[in-house]
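*Asks:* Pasting the sequence and the predicted coordinates here, then a few questions.
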Amino acid sequence: MKRIAITGAAGNLGGLLAQGMKDMNVNLNLLIHKKDAADNLKEKENISVFKVDLANKETLRDALENVDVIVHFAGILFKANPEKFLPTTNTQYFNNLLDVAIGQKVKRIILISFPHVEGECSPENPATGVLDGEPESMHAKTRLEEEKLLFRYGEKYDLEAVSLRVGMVYGKGILMIDAAQWFARHWLLGVWRKPTYIHLISKPDFVDATIAATLNPDIKGIYHIGDEGVQTLQQFLDDITTYKGNHKPWRMPVWMIMMAARGFELFSTLFGTRSPLTVDFVKIGMVSYYGDMRRMRKELLPELKFRTYKEGIELF
């Protein structure tokens, strides 16, 4: 039985993958920090939970012992002033994970990334899996640095280095989707006017693709994970809010959205709460993104459960 370590296993997507793998013929090491793993995961005989701190390498050694594959999700999203902490929590912490993984002879490391690292891309000009992009947002800049670091380690230590550049994962239970619906229910959801292309992937297809990247042989390099739909963020939000009986998002000038983001960040800073919106979120959100899926379809997921979000509307 392979032993798979999932960082951020108590988080949104890490927890989703853990739930998808819990009944498979694998051992799972779930790496958590402050939030605990779900109770139904802790009850499984093939699952071990480790409380770790990516800032401290010593806390990682036992968690990565005899591990074959690491799937790395851990990170901080909903916090004010990401420019101040992301260079540490993304790049430096990931470097710590890589160092311990090499010492424990881990064979494959999978980084969950996103197409934004290549900068602006679209269905007509999709991201192709290069590392020379020039993104604007700090989230994308630091994730690109993580990718470069991963592939340097891969070359140096003969490691199977994998980056899954995932489009927006949709479905009920995804934090950003649920937050959008909450704002829409209260007539507070807004979006900029300029059409922004987005690449989507359903929850079950995301899980299946990530499991394939974890277990299939000879997986290396960059894979774009997305469905066959072509849509804008504005179309997507209109459709999913209407489907749930909520108000469609207002079309707003960018300055108004930026002002709201600064307000959320200020409140988060003063009261130590999550910030559902930051200026950097707006920056990354306004960039169209779409990936070339040919490698995914050939090596990971030949058939999708939901080819477009309209086919998967029931997931909301």
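*Replies:* Yep, that arrived.
*Asks:* what's the longest helix in the protein?
*Replies:* helix 138-157 (DSSP state H).
*Asks:* Which helix or strand lies directly C-terminal to that helix?
*Replies:* The helix or strand immediately downstream of helix 138-157 is strand 160-166, counting by DSSP states H and E.
*Asks:* tell me the angle that next one makes with helix 138-157.
*Replies:* 160 degrees (axes from the mean of the first three to the mean of the last three C-alpha atoms, to 10 degrees).
*Asks:* gap between the closest residue to Asn95 other than its chain neighbours and Asn90?
*Replies:* Once flanking residues are discounted, Asn95 sits nearest to Leu149: 6.2 Å by C-beta to C-beta, 6 or more residues apart in numbering. Every C-beta, even on glycine, is put in place using the N, C-alpha and C of the backbone. Separation of Leu149 from Asn90 (C-beta to C-beta, to the nearest Å) stands at 10 Å.
*Asks:* At which residues are the helices of the stretch 201-316 of the chain located?
*Replies:* 203-215, 233-243, 254-271, 279-285, 294-295 (DSSP state H, counting those that start in this stretch).
*Asks:* Output these as TSV; include the columns mean pLDDT, mean neighbour count and distance to Asn81.
*Replies:* Putting these into TSV (pLDDT from 0 to 100; neighbours: other C-beta atoms under 10 Å; distance: least, C-beta to C-beta, whole Å) gives the following:
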stretch	mean pLDDT	mean neighbour count	distance to Asn81
helix 203-215	98	21	29
helix 233-243	98	18	24
helix 254-271	92	14	7
helix 279-285	92	20	9
helix 294-295	98	15	36
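*Asks:* who has more neighbours, Leu149 and Asn90?
*Replies:* The neighbour comparison of Leu149 against Asn90 (other C-beta atoms under 10 Å) goes to Asn90, with 23 against 18.
*Asks:* Validate this expectation: that one resides in a helix.
*Replies:* Yes. Applying DSSP: H, G, I helix; E, B strand; the rest coil, one finds Asn90 inside a helix.
*Asks:* Name the nearest residue to it, sequence neighbours excluded.
*Replies:* In space, Asn90 is closest to Thr142, 3.9 Å off (C-beta to C-beta, 6+ apart).
*Asks:* mind listing what the one you found touches?
*Replies:* Going by C-beta atoms under 8 Å, 6 or more residues apart in numbering, Thr142 touches Leu86, Pro87, Asn90, Thr91.
*Asks:* for the residues you listed, which one is nearest Phe50?
*Replies:* Asn90 (20.7 Å; C-beta to C-beta).
*Asks:* Pretty sure Lys141 is one of the things the closest one touches, is it not?
*Replies:* No. Using C-beta atoms under 8 Å, Asn90 is not in contact with Lys141, being 9.0 Å away.
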